[in-house]
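> show me the folded form of this:
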Amino acid sequence: MAKQSKRYRKLSEKRKEDPLPVAAAVNVLKGYAGTKFDQTVEIAMRLGIDQSQADQIVRGSIVLPHGIGKQQRVVVFAKGAKADEAREAGADFVGEEDLAEKIKGGWTEFDACIAAPDMMKLVGPLGKVLGPRGLMPSPRAGTVTPDVGATVREYKAGKVEFRNDKAGNVQAAVGKLSFDAQKLADNIQAFVDKVLALKPSAIKGTYVKSAHISATMSPSVRLAV
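Numbers count the residues shown, from 1 in each chain. So this is what the prediction gives:
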């Protein structure tokens, strides 16, 4: 277990255990500031799903209203006009076999991977590398698409992907601690609303068991969802 700093332990003593509305939770979190760098804010939601059931997988993506405070690195599998479209939209790396070989060699220094539909025969074998890192293109996440240019622009604008893990949790970055409180609250609420909208029809009982926001070096704050 990582050793907690004196600052972290002191903040933990002040932590409120009761769930708070989004705006109030953001104010508490911003009160934990004090590091020399701009901390990333994340949300984690524990869902009452059975992840072993295919009809209870919660997966999606969302373009947050105010971005996430960092420029995402985007790679695209495309050729011809689609490759040109991706480059014009700001993709960091566009390729075919050359990109596949680079990834097979272990290169995953990017935040999103997009593929035109005719590239999936090339992309499919990369699942063992990309899958565990949450980078495998898929139609459901919107990263296998004929409209590669628009998708690249969305990720550059702050689109985030999420998928429940084996414990039924979904999490994602929703901004920086330096964000205006209202903008941070907008991003968090947008993410919560998206997850709520994806509730599987097969769910029986409580869907969202708990939700917390936290910054890189701060205790979490529980949300009232």
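
> which residues of this structure fall in helices?
For the chain, the helices defined by DSSP state H cover 6-13, 22-30, 80-89, 97-104, 120-123, 127-130, 148-157, 181-197.

> now the ones you listed in TSV, with mean neighbour count?
In short, each C-beta sits where N, CA and C put it, glycine included. Output for these, formatted as TSV (neighbours: other C-beta atoms under 10 Å):
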stretch	mean neighbour count
helix 6-13	12
helix 22-30	20
helix 80-89	17
helix 97-104	15
helix 120-123	15
helix 127-130	14
helix 148-157	21
helix 181-197	18
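
> any idea which of those scores lowest on pLDDT?
When the helices of the chain are ranked by mean pLDDT, helix 6-13 comes last with a mean of 50.

> spell out which residues make up each domain of this structure.
Following automatic domain parsing, one gets these domains for the chain: 17-67+160-222, 74-157.

> against residue 217, how distant is the residue lying closest to residue 136 once chain neighbours are set aside?
The spatial neighbour of residue 136 that comes closest, neighbours along the chain excluded (C-beta to C-beta, 6 or more residues apart in numbering), is residue 130 at 4.1 Å. Distance of residue 130 to residue 217, computed by C-beta to C-beta, to the nearest Å: 29 Å.

> repeat for residue 34
Taken as C-beta to C-beta, the span from residue 34 to residue 217 is 9 Å.

> tell me the contacts of the residue nearest to residue 136?
By C-beta atoms under 8 Å, 6 or more residues apart in numbering, the residues touching residue 130 are 103, 108, 113, 123, 136-137.

> can you list those residues in a markdown table and add distance to residue 212?
What follows is these, written out as a markdown table (distance: C-beta to C-beta, whole Å):
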| residue | distance to residue 212 |
| --- | --- |
| 103 | 33 |
| 108 | 28 |
| 113 | 28 |
| 123 | 34 |
| 136 | 27 |
| 137 | 30 |
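
> which one among those gets closest to residue 152?
Closest approach between the contacts of residue 130 and residue 152, by C-beta to C-beta: residue 113, at 11.0 Å.

> what's the burial count for the closest one?
When neighbours are counted by other C-beta atoms under 10 Å, residue 113 registers 26.

> so it makes contact with residue 144?
No. In this structure residue 113 lies outside contact range of residue 144 using C-beta atoms under 8 Å: 9.8 Å.

> how near is residue 117 to residue 126?
16 Å.

> neighbour count: those two, which is higher?
More neighbours surround residue 126 than the other of residue 117 and residue 126, with 20 against 13 (other C-beta under 10 Å).

> residue contacts, that one?
By C-beta under 8 Å, 6+ apart, the contact set of residue 126 is 100, 103-104, 136.

> sort out which one of those lies nearest residue 175 for me.
Using C-beta to C-beta, residue 136 is the member of these that lies nearest residue 175, at 25.3 Å.

> pretty sure the closest one sits against residue 113.
Yes. Taking C-beta under 8 Å as the definition, residue 136 is a contact partner of residue 113 at 7.2 Å.

> pull up the overlap in contacts between the two.
Shared contacts of residue 136 and residue 113, defined by C-beta under 8 Å, 6+ apart, comprise 123, 130.

> and the helices of the chain: which comes nearest residue 74?
Per C-beta to C-beta, nearest to residue 74 of these: helix 148-157, 5.0 Å.

> so how far is residue 53 from residue 17?
Residue 17 is 32 Å from residue 53, by C-beta to C-beta.

> which one of the two is surrounded by more residues?
For residue 17 versus residue 53, the count of surrounding residues by other C-beta under 10 Å is larger for residue 53: 11 against 6.

> I am finished for the moment; much appreciated.
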